[in-house]
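Student: Show me how the following folds:
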Amino acid sequence: MRWLVTGGLGFIGSNFVRLALREYPTLEIVNLDAMTYAGNPANLRDVEVNGRYQFAHGDICDPDAVRDAIGSGVDAIVNFAAETHVDRSILDPEQFLRTDILGTHVLLEAVRERNIPRYLQVSTDEVYGDVAAGESAESDALCPRSPYSASKAGGDLQVLAYHTTFNVPVMITRGSNTYGPYQYPEKLIPLFITNLIDDQTVPVYGDGLQIRDWLHVEDHARGIMHVLEHGDVGNVYNLGGGNPHTNLSITERLVSGCGRAMKTHVRHVADREGHDRRYAVDSTKAHGIGWSPRVAFEDGLHSTIAWYQANEDWWRPLKSGEFLDYYKRQYAHR
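Tutor: Below is the predicted model of the structure:
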């Protein structure tokens, strides 16, 4: 087999590449990545010497780059390439529209033109919008409420439209909040852990009672791979962790796990504009084809803290330059 993975230097993408190469001894992977701020070559340093792995530097919005990466052909495309951070989408919406919508279109055209057997779009539970009660099913209407989730919903709708109109063999996964090693330190868990390691405060939005469902990155990567192999073309599959917690509860666990105190290391800041209160997905459909999470949340969170404590050489260079400019822009006014 030969797969094209886009955005494979990112958080979930790099964990997927590592897992897939481990699970399939004859699989070849081409990784097309634009190397934006979150596309870190260090994420896959350990597989660079693997003869079954090839890196291609390029943007999914560039048809020539996509064409070159496909080369003589691939058996599947798995699209992780995306702008993903809600806060950044509020500061700069246009880049999200370009990558998440135009880039998806370019990939779909390549699948159609080259008759690629399978295309999997990696999406998010945020496309369903705020869920006051119950759980979102794949058939529910999309109601995105941030530039990020709107751009991802736009990509999803294109994917499904290409299946209906052109019979392109597509699938979509919508994962819940993901955590684990190699996550760029702008998201809640890695930001808080690295701040706490450095004896800095952590910024909790509003009252901190927003609820998210947490999924370990290895479970997420395994779910994507399982859907690619066993999912039905034209279908959407929710991948939920089954671990709903408030942001404040997560903060308490991280503060305690890093040996700090809530009263000295937590500061409540002005809430995010349009901040969704709760996400929750029904993963019955994915369970029905044989996938379920394996990593217990407390174990996963403990191992994630330990990973960042043991890998300062990975994250410390990231928290400088561009990151510091973003951090000041994001939090100074709060």
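
Student: what number of residues lie near residue 123?
Tutor: Neighbourhood size, residue 123 [other C-beta atoms under 10 Å]: 26. C-beta: built from backbone N, CA, C; applies to glycine.

Student: Could you say which helix or strand holds it?
Tutor: strand 119-124 (DSSP states H and E).

Student: ok, now residue 215?
Tutor: Per DSSP H and E: strand 211-216 holds residue 215.

Student: After that strand, which helix or strand is next?
Tutor: helix 217-230.

Student: what's that next one packed up against?
Tutor: helix 11-23, strand 76-79, strand 119-124, strand 170-175, strand 177-179, strand 235-239, helix 284-288 (3 or more C-beta pairs under 8 Å, 6 or more residues apart in numbering; DSSP states H and E).

Student: List the buried residues for the first one?
Tutor: Buried residues in helix 11-23, counted by 16 or more other C-beta atoms under 10 Å: 11, 12, 13, 14, 15, 16, 17, 18, 19, 20, 21.

Student: So for stretch 70-85, mean pLDDT?
Tutor: Average pLDDT, stretch 70-85: 93.

Student: Oops, could you answer that again for stretch 116-133 instead?
Tutor: 97.

Student: Out of the buried residues of helix 11-23, which comes closest to residue 299?
Tutor: Ranked by distance to residue 299 (C-beta to C-beta), these are led by residue 15 at 16.6 Å.

Student: Give me the distance between that closest one and residue 46.
Tutor: 12 Å (C-beta to C-beta, to the nearest Å).

Student: do the same with residue 57
Tutor: 19 Å.

Student: With neighbour numbers in mind, choose between those two.
Tutor: Neighbours per residue (other C-beta under 10 Å) separate residue 57 from residue 46, with residue 57 holding more: 14 against 10.

Student: how about the more buried one, what does it touch?
Tutor: Listed by C-beta atoms under 8 Å, 6 or more residues apart in numbering, the contact set of residue 57 reads 33, 34, 35.

Student: which residues touch the closest residue to the second one other than its chain neighbours?
Tutor: If the residues on either side of it in the chain are set aside, residue 34 comes closest to residue 59, at 4.4 Å by C-beta to C-beta, 6 or more residues apart in numbering. The neighbourhood of residue 59, defined by C-beta under 8 Å, 6+ apart, consists of 34, 65, 103.
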